[in-house]
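[1] Sequence and predicted structure, then a few things I'm wondering about:
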2 protein chains.
Amino acid sequence: MRKGMLVIISGPSGSGKGTAVKKLTRNDFALSISMTTREPRPSEINGKDYFFVTKEQFLEARDSGKLLEHAEFVGNMYGTPKDYVEAQILSGRAVILEIDVEGALQIKEKVEESISIFLMPPSFEELAERLINRKTEDLDTIVRRIKRAKHEIEYINKYDYLVINEDIEKTVSQITSIIDSEYLKPHRNKDFFDHIKGENYDASTIILRTNDNT
Amino acid sequence: MRKGMLVIISGPSGSGKGTAVKKLTRNDFALSISMTTREPRPSEINGKDYFFVTKEQFLEARDSGKLLEHAEFVGNMYGTPKDYVEAQILSGRAVILEIDVEGALQIKEKVEESISIFLMPPSFEELAERLINRKTEDLDTIVRRIKRAKHEIEYINKYDYLVINEDIEKTVSQITSIIDSEYLKPHRNKDFFDHIKGENYDASTIILRTNDNT
């Protein structure tokens, strides 16, 4: 069976990556699920939204190398479980992982079957406009996010692909095209090679077949 | 303006590459045009079907490095003019070039902006069946073509992509996806980098803009 792959998606806050990821709903796509020590909210389901664990369980997973990356955020720990990602890849799925630049570069080294996509708005002007129009962040936060975005774009060359998000439907279709094309790399088609190299097909078979047809 | 690229397509006789190439008719696609010393047939147009030249002109082009590759076939010379390919790439087009394995590997080295696609039928059995059903080749030719195909598949790993041609429409859409995704590689988007790096967008601009919006 053909292996899937890990699809790493990064981009500045306001690039629209959250919206894009939510729209990548094809049957052979799966979202990566994080492990966290945070308390579940009433609507959240264990094993779907997050893997909810105790601090001890988290530290044990981290220390035994079972997390692809991890980070702390307002007192809670978050991490990407390696086993889950690898099981999805083995079952032929493209696992979508939304992650920041630092996490992305760490993970890319650790997962052989991975590709990385950087999502950008068409300009900083447009990025600022989106952040302002959300009306959820104060001015300080917006200024900090733009500054951070200016730092993040220095890493674009380390990514395999750059998608400029002008229109969300176009962006989703471009990400889908990227995944589909990646499946067409020769090294992802070992099964096909094994099949055709194993075919015992020579002149005598062809002669028999030609006689059948005439 | 965004540069185009050279799209090299190879595959065994009977893989359907000729049919696929004919269906790649998007506005930003162009077929490569060969230079030849062969006499034009009545229906053929110079500069569209071929660049028809004298033997002297051909040899001069070849010796002054103006051909990306060249070969002789039943007494006539054929070659791929570098200038034409490069002009198309500069004008933003994906230039499609159907060529054998040996030619493909030569050209890939010479053209920086190139990608290569190998087209295969799903199996040798299917390949033989297609060649038999054409009823244009005799048995000896079919046996020779299968043998050649078995040699050619040893080079698949040198290609960027492998397309298994089960259905011509799917094949054309896969080749199109490959080209579209290749345009999303960061190194092909230098104009965008220049644009965003040149944007003089900082905190004071954002403050002005926020005041406008409230």
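    Now that the structure is in, tell me what you want to look at. Numbers count the residues shown, from 1 in each chain, chains lettered A, B, ... in the order given.
[2] C-alpha only now, for contacts and for neighbours.
    Noted.
[3] which ones are touching A:Ser177?
    Residues near A:Ser177 by CA atoms under 8 Å, 6 or more residues apart in numbering or on different chains: B:177-178, B:180-181.
[4] Show me those that map onto helices.
    The helices in this structure, assigned by DSSP state H, contain B:177-178, B:180-181 from the contacts of A:Ser177.
[5] how about stretch A:133-153 against chain B, any contact?
    Yes: Stretch A:133-153 lies within reach of chain B by CA under 8 Å from any CA of the partner chain, at A:139, A:143, A:146-147.
[6] out of the ones in helices among the contacts of A:Ser177, which one sits closest to A:Glu199?
    B:Ile178 (28.2 Å; CA to CA).
[7] measure that closest one to A:Asp63 for me?
    Computed as CA to CA, to the nearest Å, the B:Ile178 to A:Asp63 distance reads 40 Å.
[8] swap in A:Ile156?
    31 Å.
[9] what about those two, which has more around it?
    A:Ile156 (22 against 10; other CA atoms under 10 Å in any protein chain shown).
[10] got a list of what the residue nearest to A:Glu113 when sequence neighbours are not counted touches?
    Leaving out its chain neighbours, the residue that sits closest to A:Glu113 by CA to CA, 6 or more residues apart in numbering or on different chains is A:Met5, at 5.0 Å. Residues near A:Met5 by CA under 8 Å, 6+ apart: A:89, A:92-95, A:113-115.
[11] Apply 6 Å and report the result again.
    A:Met5 is in contact with A:89, A:94, A:113-114, counting by CA atoms under 6 Å, 6 or more residues apart in numbering or on different chains.
[12] Any buried residues in the helix or strand A:His151 falls within, and which?
    For A:His151, the host element (DSSP states H and E) is helix A:139-152. Judged by neighbour count using 16 or more other CA atoms under 10 Å in any protein chain shown, the buried positions of helix A:139-152 are A:139, A:142-143, A:145-147, A:149-150, A:152.
[13] which element follows it toward the C-terminus?
    Next along the chain after helix A:139-152, taking DSSP H and E as the criterion, comes strand A:161-164.
[14] quick one: contacts of that following strand?
    Residues contacting strand A:161-164 (CA under 6 Å, 6+ apart): A:117-122, B:184-186.
[15] Among those residues, which are located in strands?
    Mapping these onto strands (DSSP state E) picks out A:117-120.
[16] Give me the pLDDT value at the closest residue to A:Thr19 other than its chain neighbours.
    Spatial nearest neighbour of A:Thr19, chain neighbours left out: A:Ile168 (7.8 Å); criterion: CA to CA, 6+ apart. Note on A:Ile168: pLDDT of 96.
[17] how near is A:Ile168 to B:Glu113?
    Distance, A:Ile168 to B:Glu113, using CA to CA: 28 Å.
[18] Run through the strands of chain A in chain order.
    A:5-10, A:29-31, A:34-36, A:50-52, A:67-73, A:76-81, A:94-98, A:114-120, A:161-164.
[19] As TSV, these with mean pLDDT would be great.
    Compiled in TSV, these are given as follows (pLDDT from 0 to 100):
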stretch	mean pLDDT
strand A:5-10	97
strand A:29-31	96
strand A:34-36	96
strand A:50-52	96
strand A:67-73	92
strand A:76-81	95
strand A:94-98	96
strand A:114-120	97
strand A:161-164	97
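[20] closest one to B:Leu127 among the ones you listed?
    strand A:5-10 (30.1 Å).
[21] For that closest one, could you pull out the residues that count as buried?
    A:5-10.
[22] Could I get these in a markdown table, plus columns for distance to A:Gln106?
    What follows is those, written out as a markdown table (distance: CA to CA, whole Å):
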| residue | distance to A:Gln106 |
| --- | --- |
| A:Met5 | 16 |
| A:Leu6 | 13 |
| A:Val7 | 14 |
| A:Ile8 | 11 |
| A:Ile9 | 13 |
| A:Ser10 | 13 |
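[23] can you count the residues close to A:Asn211?
    By the measure other CA under 10 Å, the count of residues near A:Asn211 is 8.
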